[in-house]
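Provide a 3D model corresponding to the input given below.
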Amino acid sequence: MDQQALKEQVAEAALERVAARHNDRLLLGIGTGTTAECFIRTLPAIRSRIEATVASSERSAALLRELGLPVMDLNSVGPLDVYVDGADEANAQLALIKGGGAALTREKIVAAASEEFICIADASKRVGVLGVFPLPVEVIPMARSHVARALAQLGGQPVWREETITDNGNLILDVHGLHISDPVDTETRINQMAGVVCNGLFANRPADVLLLGTSAGVEVVSGSALS
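Numbers count the residues shown, from 1 in each chain. Modelled structure (predicted):
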């Protein structure tokens, strides 16, 4: 089964999980990236139950509108029922690295505002220790070099993702070579650096459930069950 098929497989599983919720009207947080877009394309099947969606990027918002789904600002709808998004890596505690699509700050906000966070990914995203995938850090433009030096002191090699501007008007530094054995501490330390808007570690607010696409079907993982 190719990667696209695995993405579609977990997207359908996420739709089933969302549709099984008891809410008559759903407030959905929607992620960013190719796996999240597979999920978005399943949503017309439950269109009548969707009161509003909140997108974590302009790209996702555009696709939702194209499909005729209601898109609203988070400030207008309050707490969300569920957030569905992909990940670049996931560990045993369902801490994640996200931000390959440069939407990490909005993704983190929408995840924090949601009752449940469903992460959908193919099995290749399962790791023992986070950090093989470079950690994205969103920074204020004037602080790029300052933050890069601070990240280097953590033992990483920050690389400016040139020609990428976030939806918030900021820059991305991708930090290579980190061995993140304590994701909560690393997330907190990086966020405290002056000039950092957000980093791509989702450890203080990890996923609640991980749906992993495999050749044998969808594996449902929660908390420490992932090994």
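
where does the chain have low pLDDT?
223-227 (pLDDT under 70).

just give me the neighbour total for the residue lying closest to T214 once chain neighbours are set aside.
Leaving aside its chain neighbours, T214 sits nearest to A123 (4.7 Å; criterion: C-beta to C-beta, 6 or more residues apart in numbering). In short, each C-beta sits where N, CA and C put it, glycine included. Neighbours of A123 under the rule other C-beta atoms under 10 Å: 14.

which residues does A123 contact?
By C-beta atoms under 8 Å, 6 or more residues apart in numbering, the contact set of A123 is 6, 212-214, 219.

next: V147.
If you count contacts by C-beta under 8 Å, 6+ apart, then V147 has 137, 139, 158, 173, 193-196 around it.

now do 6 Å
Residues near V147 by C-beta atoms under 6 Å, 6 or more residues apart in numbering: 139, 193, 195-196.

pick out the most distant pair among these.
Maximum pairwise distance among the contacts of V147 (C-beta to C-beta): 8.5 Å, between V139 and M193.

neighbour-wise, which of those two wins?
For V139 versus M193, neighbours defined as other C-beta under 10 Å are more numerous around V139 (26 against 18).

which residue is the nearest non-sequential neighbour of that one?
V147 (4.7 Å).

for the helix or strand containing that neighbour, buried residues please.
In the assignment (DSSP states H and E), V147 maps to helix 144-153. Using 16 or more other C-beta atoms under 10 Å as the test for burial, helix 144-153 gives 144, 147-148, 150-151.

for the chain, longest strand please?
Using DSSP state E, we find that the single longest strand of the chain is strand 114-122.

which parts of this structure are helices?
Secondary structure of the chain by DSSP state H: the helices cover 3-19, 34-40, 58-66, 74-77, 104-112, 144-153, 183-191.

export those to TSV and tack on distance to R49?
Putting these into TSV (distance: least, C-beta to C-beta, whole Å) gives the following:
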stretch	distance to R49
helix 3-19	8
helix 34-40	15
helix 58-66	15
helix 74-77	15
helix 104-112	19
helix 144-153	43
helix 183-191	34
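
among those, which is nearest Y83?
helix 104-112 (5.0 Å).

got the domain boundaries for this protein?
Domain assignment for the chain by automatic domain parsing gives 3-127+204-225, 135-198.

could you identify which of those is most buried?
Highest mean neighbour count among those (mean count of other C-beta atoms under 10 Å): domain 3-127+204-225, with a mean of 19.

and that one, how far out from the chain's middle?
Domain 3-127+204-225 sits 8 Å away from the centroid of its parent chain (C-alpha atoms, centre = their mean, to the nearest Å).

noted, bye for now.
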